[in-house]
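*Asks:* predicted model and sequence below, questions to follow.
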Amino acid sequence: MNFRKAKITDVEAIHALITYYAEKGLMLARPRTLLYESLREFTIACDGERVIAAGSLHIIWEDLAEIRALAVAPEYARQGVGRQLVNMFLEEARELAIPQVFVLTYQQKFFEKCGFKVISKESLPQKVWKECVNCPKFPNCEEIAMIYAPPATTG
């Protein structure tokens, strides 16, 4: 398995992964147009030529980024692929000097295992909500807001 930035030729596979989970009510659907527009944000995991996982790191502001559209093919679930992507996005945020990374998710337990903690959606800046108004579930969003809380260092 290898990880790399997504290419145009990966969009259909990314869309299929997201749609699979969206149809089960486990994540929000993403139109192809949004995937093309945000392609440079996506990192994928491949098994040979097959895309088996995808996700993106979306910069919101100078101090805030969001992990979005994280999906792993069902047969590769619970094998650490999603966690590896999350760790890659957290490292990318550190490299970009972005101190806070959040998610809006239905998968609270997974993100807790990755070091995120639940926060109130209202605590997120208004600029986050500029995209939420275009969601079909707005204003009745059922997603859980979580922010990365790195373990405290002792010293």
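*Replies:* Cool, got the structure. Since the model is a prediction, treat every value here as computed from it, not as a measurement. Residues are numbered from 1 along each chain as shown.
*Asks:* now the lengthiest helix in the chain: buried residues?
*Replies:* Ranked by residue count, the top helix of the chain under DSSP state H comes out as helix 81-95. Neighbour-count burial for helix 81-95, with 16 or more other CB atoms under 10 Å as criterion, is recorded at 81, 82, 83, 84, 85, 86, 88, 89, 90, 92, 93. For the C-beta atoms, the positions are set from N, CA and C on the backbone; glycine is no exception.
*Asks:* any chance of a markdown table for the residues you listed, columns pLDDT?
*Replies:* Compiled in a markdown table, the buried residues of helix 81-95 are given as follows (pLDDT from 0 to 100):
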| residue | pLDDT |
| --- | --- |
| 81 | 97 |
| 82 | 96 |
| 83 | 97 |
| 84 | 98 |
| 85 | 98 |
| 86 | 98 |
| 88 | 97 |
| 89 | 98 |
| 90 | 97 |
| 92 | 96 |
| 93 | 96 |
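*Asks:* and the longest helix of the chain, what other elements does it pack with?
*Replies:* If contacts are counted by 3 or more CB pairs under 8 Å, 6 or more residues apart in numbering; DSSP states H and E, helix 81-95 sits against strand 2-5, strand 42-47, strand 50-61, strand 64-72, strand 100-105, helix 108-113.
*Asks:* neighbours of residue 113, just the number please.
*Replies:* Burial of residue 113 is recorded as 12 neighbouring residues (other CB atoms under 10 Å).
*Asks:* just the pLDDT at it, thanks.
*Replies:* Looking at residue 113, its pLDDT reads 95.
*Asks:* and it, how far from residue 95?
*Replies:* 23 Å (CB to CB, to the nearest Å).
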